[in-house]
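**Student:** here is a sequence with its predicted model. Questions after.
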Amino acid sequence: MKPAPFDYVKPASVADASAALRSHGTNTAAIAGGQSLLPMLSLRVAQPDLLVDLGGLDELEETSETPQTIRIGALTTHAAIEDGKFAEAFGGMMQKVAAKISYRAVRNHGTVGGSVALADPAADWPGCLMALGAKVRISAGNGVRAEPIEDFVQGQYATTLNPGEIIVGFDIPRPDPRMRWGVCKVVRKSGAFASSIAFAVEQGRGGPVSVVLAAAATRPRALPAVAQQIKAGKKSADELRAAIAADMAEHAPQDDAYLVRLHTSTVLRAVQEMLSR
């Protein structure tokens, strides 16, 4: 199937892109790397009247660092992160996450901002950035607003983006140099959508702990009971399983026994990897 007819514009600035996205009401779509949107267009799942190409906007490619924050531009590709961008800052965590996304051809074009804006429940970056405590920076008319990613992602393909708003990047608190992390991802076959993804982060020995599970509900979910068990030093498999069960009962009560076992195993592996570092 071929896409339905649409108009195309490649604006010269974020302001121009925002104006274009507002000009046709709800029948507009922004495209960055296009690795999710192009298949949706071809299947006519998405049928915009106007396609706004964000590629090449320098404002969306800017990255910077301060003593407190690492800023990642929205157009940063998965491949750039896989190849070592920010590897030292996060101890290789983001590098590992990027390397597990689909195929290299997809990673060459797909972007972090596009992944988060789509808010696919099985996507890697929303859960990863949540575990790292990231905020989403959004161009909103006359200025830029920021909000925690757990508030930005509202549900399946649902975010707080308003018409004309564009993700410009992400601000991630600079991690403790002793940060430990673990990631586990389950896919049916190479390149397939994830069936379960877990992220575990401890900001230094005895520091704050964050455990996040993705691909289990309509959006990534923090697992506070699991994090509390780790923080309290209760790290046996049985103790962690009980905490995972408590969090799963609240966030994914509809899951059958197989999915509960799958997600439990994913979280345990991520936590064990973190604890082994």
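**Tutor:** Right, received. Where do you want to start?
**Student:** report the buried residues of the least confident helix or strand in the chain by mean pLDDT.
**Tutor:** Scoring the helices and strands of the chain by mean pLDDT, DSSP states H and E places helix 37-42 at the bottom, with a mean of 87. Within helix 37-42, the residues that qualify as buried are 37, 40, 41, counting by 16 or more other Cβ atoms under 10 Å. Every C-beta, even on glycine, is put in place using the N, C-alpha and C of the backbone.
**Student:** which SSE is immediately downstream of that helix?
**Tutor:** Counting by DSSP states H and E, the next helix or strand C-terminal to helix 37-42 is strand 50-53.
**Student:** that following strand pairs with which strands?
**Tutor:** The strands that strand 50-53 pairs with in its sheet are strand 7-9 (parallel), strand 28-31 (parallel) (by DSSP bridges).
**Student:** how far out from the middle of the chain is the longest one?
**Tutor:** Meaning strand 28-31. Relative to its chain's centre, strand 28-31 lies at 19 Å (Cα atoms, centre = their mean, to the nearest Å).
**Student:** mind giving me the domain split of the protein?
**Tutor:** Following the assignment in automatic domain parsing, the chain carries domains at 7-47, 60-173, 180-275.
**Student:** assumed residue 186 was part of a strand.
**Tutor:** Yes - for residue 186, which was evaluated using DSSP: H, G, I helix; E, B strand; the rest coil, the result is membership in a strand.
**Student:** is it in contact with residue 193, as I believe?
**Tutor:** No - counting by Cβ atoms under 8 Å, residue 186 stays clear of residue 193, with 10.7 Å between them.
**Student:** look at these two and report which has more neighbours.
**Tutor:** Neighbours around residue 186 and residue 193, counted as other Cβ atoms under 10 Å, are more numerous at residue 186. The numbers are 16 against 12.
**Student:** quick one on the thing from earlier: which strands and helices lie in contact with the least confident helix or strand of the chain?
**Tutor:** In this structure, helix 37-42 makes packing contacts with strand 28-31, judged by 3 or more Cβ pairs under 8 Å, 6 or more residues apart in numbering; DSSP states H and E.
**Student:** residues in contact with the strand it packs on?
**Tutor:** The contact list for strand 28-31, computed with Cβ atoms under 8 Å, 6 or more residues apart in numbering, reads 17, 20-22, 37-38, 46, 48-55, 114, 117, 163, 166.
**Student:** show me which of those are buried.
**Tutor:** The neighbour count (16+ other Cβ under 10 Å) marks 17, 20-21, 37, 46, 48, 50-54, 114, 117, 166 as buried among these.
**Student:** now render those as JSON lines, adding distance to residue 1.
**Tutor:** JSON lines is the format used below for the buried ones among the contacts of strand 28-31 (distance: Cβ to Cβ, whole Å):
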{"residue": "17", "distance to residue 1": "28"}
{"residue": "20", "distance to residue 1": "26"}
{"residue": "21", "distance to residue 1": "25"}
{"residue": "37", "distance to residue 1": "15"}
{"residue": "46", "distance to residue 1": "12"}
{"residue": "48", "distance to residue 1": "16"}
{"residue": "50", "distance to residue 1": "20"}
{"residue": "51", "distance to residue 1": "17"}
{"residue": "52", "distance to residue 1": "22"}
{"residue": "53", "distance to residue 1": "22"}
{"residue": "54", "distance to residue 1": "25"}
{"residue": "114", "distance to residue 1": "22"}
{"residue": "117", "distance to residue 1": "24"}
{"residue": "166", "distance to residue 1": "28"}
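**Student:** right, I'll call it a day here.
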